[in-house]
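Trainee: could you work out the structure for the sequence below:
(chains A, B and C)
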Amino acid sequence: MASAAPEGGRETRPSPASAGTRVVRTVLRGVAQVDFQPNHWTGLVFLVALFAGGWRFGVFGLLGTVTATLTAFLLGADRHGIVLGLEGFSGTLVGVALVLYLGAGWMTALVVVGAAVATGVVTSATTVWLKPYGLPGLTAPFCMVTTVMVLGAPAYHRVWAGHPATPAPSASRPGTAMSGTDVWHGFCSGVGQVFFQDKWYVGLLFLLGLAVSSLAAAAAAAVSSLIGLLVAWGLGAAAADIGAGLYGYNAVLTGIALAGTFLAPNRAGLVYAAVGAATATALTAGIANLFTVVGGHTLTWPFVLVTWVFLAAVPLFPRLRRPG
Amino acid sequence: MASAAPEGGRETRPSPASAGTRVVRTVLRGVAQVDFQPNHWTGLVFLVALFAGGWRFGVFGLLGTVTATLTAFLLGADRHGIVLGLEGFSGTLVGVALVLYLGAGWMTALVVVGAAVATGVVTSATTVWLKPYGLPGLTAPFCMVTTVMVLGAPAYHRVWAGHPATPAPSASRPGTAMSGTDVWHGFCSGVGQVFFQDKWYVGLLFLLGLAVSSLAAAAAAAVSSLIGLLVAWGLGAAAADIGAGLYGYNAVLTGIALAGTFLAPNRAGLVYAAVGAATATALTAGIANLFTVVGGHTLTWPFVLVTWVFLAAVPLFPRLRRPG
Amino acid sequence: MASAAPEGGRETRPSPASAGTRVVRTVLRGVAQVDFQPNHWTGLVFLVALFAGGWRFGVFGLLGTVTATLTAFLLGADRHGIVLGLEGFSGTLVGVALVLYLGAGWMTALVVVGAAVATGVVTSATTVWLKPYGLPGLTAPFCMVTTVMVLGAPAYHRVWAGHPATPAPSASRPGTAMSGTDVWHGFCSGVGQVFFQDKWYVGLLFLLGLAVSSLAAAAAAAVSSLIGLLVAWGLGAAAADIGAGLYGYNAVLTGIALAGTFLAPNRAGLVYAAVGAATATALTAGIANLFTVVGGHTLTWPFVLVTWVFLAAVPLFPRLRRPG
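Mentor: Model prediction:
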């Protein structure tokens, strides 16, 4: 099992080149697994999107991915999961989130390494805890580690020294009247904010990366981003926050997770996934209160909580079932 | 099992009339299950009490009960639990709580429907989570859904627009000196605040409804309301809050749950239940801090947390045992 | 099993004297178990250290220990665990913490008794909950009960009336420049703050008490206190808080727990324990935000959370194993 690689082929006679290739693919799959895709080409597109958002997102995202994967490797975690990228994706998000909140610098790099090591341990702990229920850990390790780092950071002088201001978009532009730009920017950024990116073309790149791996996943992401947009508008959320994709990305992740990834996409399953995406959207503002200090970003807590609840309930609902 | 009805009898030859009757009884049992009573007459008295508190409590409570029950039915949940009202009671409380905090209006009705649907899913998820420990879900689904709605509501313009001010009674009348009125109002409202009702005669109606189903449960509620009153007074809580029943209702629910419902009412069990009721009272102020924005109502979190802890510990305490 | 005492010997023919001795030893072991040591001599040194910190810490610590142990005894909990002190240590900490935050007085004594009774129940509940995962309850019962008491206390007039001000040391001396005194005071108090003691010689007494039971545990405590000091300094925490030991004690507990107590101290295990101690330190400021009102003491939450996560992950890391 140790040398099993999903793309098959050359691992019967490993050469230095193929070892290097496997490492690169493992890291890229780590980036792709943020959106549940064990596909290194998707990871490559996602990485390009991160660099398009800013060099620091690409560099710190890679740093987090590599550190988390290496931690799992050194602790002797299951090799198959490592190769699929399952030990890397929380590290990716840790790197991207912390460079956004703390600024690009050597101290932030150190903090990202420390946080990614912690993420490696938390990932395994979460797996053990959820095993009796058959639930996936999702991005919970990232959320847990980043939450405590972000809450504690203001007390640490060296960490907090160069942090940029990250107010919520609605702070400078309050009001609920949405423009056409808010709508299509919000639609694209709903996909991009999964990686904390608020530029519309970066969001489109992520959607493209998803389509490389799975058209169904890309469709689920697009529909879920629309659901998030509509629910947030219907509830009367601030237009600037909707336009930045802040109400969409938890719906996007929940939609991909429930529509096909962890649940068979039959008719009841798709309705269930749509309700889940709407629920994750509605949950967003409640959790955002905790994160005012860092611009009202809720990390991916709403997605994690809603997806856990919706998946845990499945055994009691005979019309729903796990896939394949 | 699908057609089993606790009251036995006519379901061997179902007729349109009996189907309608069964639906009405199921909804009424949903209301009654807030206090653990699978009895539709109790549900009827409770419903009258809600309307006596105000038409909006009756209407929105019914809306929540029906929506949550329907959600469980559509998802194919266990028919026996539905008939017993176990899928409805969290919806009842969602409706009553949200109309109190958000005001009676069409937007609130929409929010109640959405929240009750979420409650249906959360109820099943909680059942699955607690199964290994043999613990009941209690009103946790209501607490979880309402907490996030209430925390998030101020960020949603359309939801928050018409919300009434709901300051804690102690805001306008601080001080700890209790009058005789505080005592007997607090005793009655301790039972009524389970349903967020602060009129003394509404509380008495709920006590009457309990007695219809079980004199033991009514006695447990009355004694527990007194315990809550005494503990809160002893700790020095604000007299106006005690007089409104805010320190009593978690004790009432904990008392009913531990004295007879989930624990055999032997001597050790009754002492244990009394300690539990006192603990739930003391816990109230700590949790109230989280809910300052909505008048310091702690929902039924203290009851849920204390009852879970006290029931989970039972296997290690040989003097206590589950009933039946 | 009921009369088994770890120190063996006289229990075949119990006499009044030996019964009294056993009770005293049980209580002392309760105090010692705060640092995982089932050794009554260690408990005696710890008790002396508490009295050296102030009579009220000794008296209220004893009150909590005795009450929690008695609660477990009356409820019929496992006799062997009681004798080992496993039912007492959360009560010790409840007594010490509450007298620090609420002041020495009769009302505080009542609150300590109530909180220690609750702790007895929570200890058993935690044991049941964690059993499927093979995790120890640690000081979680103390943390849970004290957190809700401390959050709720300001609402209870009689409880809060005589409370002393307990600002964080950095409130009167901000800044991150550490003096030599900060370093060695911080090192000693890192051990002492496990019991909320901020005098350097009290910390040394606790280190001595540890050495009486186990030189390895004392070494783990000393190294972990240094790790806490270094990590907090590296992150740029306030020098006065580091000097008071506030960043060290969670590292100390985590270090003792992971290096030898719950994990075999092989090379991988010791590195893992050091990473755990560093993680608990970094977590401290994030949790401190919740406890600003009581001087920024985080109780032992960081230790509990980090140790649970690090122990839960062990089954997936073949280089680590449980001891024995």
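
Trainee: how is chain A divided into domains?
Mentor: When chain A is parsed with automatic domain parsing, its domains come out as A:23-164, A:167-324.

Trainee: mind checking the ones you listed for the one nearest to chain B?
Mentor: Checking those against chain B by CB to the nearest CB gives domain A:167-324 as the closest, at 3.2 Å. From N, CA and C alone the C-beta is placed, and that goes for glycine too.

Trainee: tell me how many other residues crowd A:Phe317.
Mentor: Per other CB atoms under 10 Å in any protein chain shown, the neighbour tally for A:Phe317 reads 21.

Trainee: let me fix that: A:Thr166
Mentor: 16.

Trainee: got phi/psi on it?
Mentor: Phi and psi for A:Thr166, reported as degrees, to the nearest 10, are phi -130, psi 70.

Trainee: is it true that A:Gly260 touches A:Ala217?
Mentor: Yes: using CB atoms under 8 Å, A:Gly260 makes contact with A:Ala217 at a distance of 6.8 Å.

Trainee: more neighbours, the two?
Mentor: The residue with more neighbours, out of A:Gly260 and A:Ala217, is A:Ala217; 25 against 20, by other CB under 10 Å.

Trainee: now the domains of chain A in JSON lines, with mean pLDDT and distance to C:Ala244?
Mentor: As requested, these are exported to JSON lines (pLDDT from 0 to 100; distance: least, CB to CB, whole Å):
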{"stretch": "domain A:23-164", "mean pLDDT": "94", "distance to C:Ala244": "14"}
{"stretch": "domain A:167-324", "mean pLDDT": "92", "distance to C:Ala244": "25"}
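
Trainee: now render these as JSON lines, adding distance to chain C.
Mentor: Shown next, in JSON lines, are those (distance: least, CB to the nearest CB, whole Å):
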{"stretch": "domain A:23-164", "distance to chain C": "3"}
{"stretch": "domain A:167-324", "distance to chain C": "10"}
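
Trainee: next, format those domains as JSON lines and append distance to C:Val66.
Mentor: Converted to JSON lines, the domains of chain A look like this (distance: least, CB to CB, whole Å):
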{"stretch": "domain A:23-164", "distance to C:Val66": "35"}
{"stretch": "domain A:167-324", "distance to C:Val66": "39"}
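
Trainee: how about residues contacting the helix or strand harbouring A:Ala72?
Mentor: Counting by DSSP states H and E, the element that carries A:Ala72 is helix A:55-74. For helix A:55-74, contacts defined as CB atoms under 8 Å, 6 or more residues apart in numbering or on different chains pick out A:26-27, A:30-31, A:47, A:50-51, A:81-82, A:85, A:87-96, A:98-100, A:104, A:108-109, A:112-113, A:115-117, A:119-121, A:123-124, A:195-197.

Trainee: next step: those restricted to helices.
Mentor: A:26-27, A:30-31, A:47, A:50-51, A:81-82, A:89-96, A:98-100, A:108-109, A:112-113, A:115-117, A:119-121, A:123-124 (DSSP state H).

Trainee: alongside chain B, which residues does the stretch 51-200 of chain A contribute?
Mentor: A:Pro132, A:Tyr133, A:Thr176 (CB under 8 Å from any CB of the partner chain).

Trainee: neighbour count and secondary structure for the residues you listed - can I get that in a markdown table?
Mentor: Output for those, formatted as a markdown table (neighbours: other CB atoms under 10 Å in any protein chain shown; DSSP: H, G, I helix; E, B strand; the rest coil):
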| residue | neighbour count | secondary structure |
| --- | --- | --- |
| A:Pro132 | 13 | helix |
| A:Tyr133 | 15 | helix |
| A:Thr176 | 18 | coil |
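
Trainee: wait, which of those is closest to B:Val150?
Mentor: A:Thr176 (19.9 Å; CB to CB).

Trainee: what values do phi and psi take at that closest one?
Mentor: With angles defined as degrees, to the nearest 10, A:Thr176 sits at phi -110, psi 0.

Trainee: excluding chain neighbours, what is closest to it?
Mentor: Excluding its sequence neighbours, the residue lying closest to A:Thr176 (CB to CB, 6 or more residues apart in numbering or on different chains) is B:His157, at 4.8 Å.

Trainee: show me the contacts for that neighbour.
Mentor: A:Thr176, A:Leu235, A:Gly236, A:Ala237, A:Ala238.
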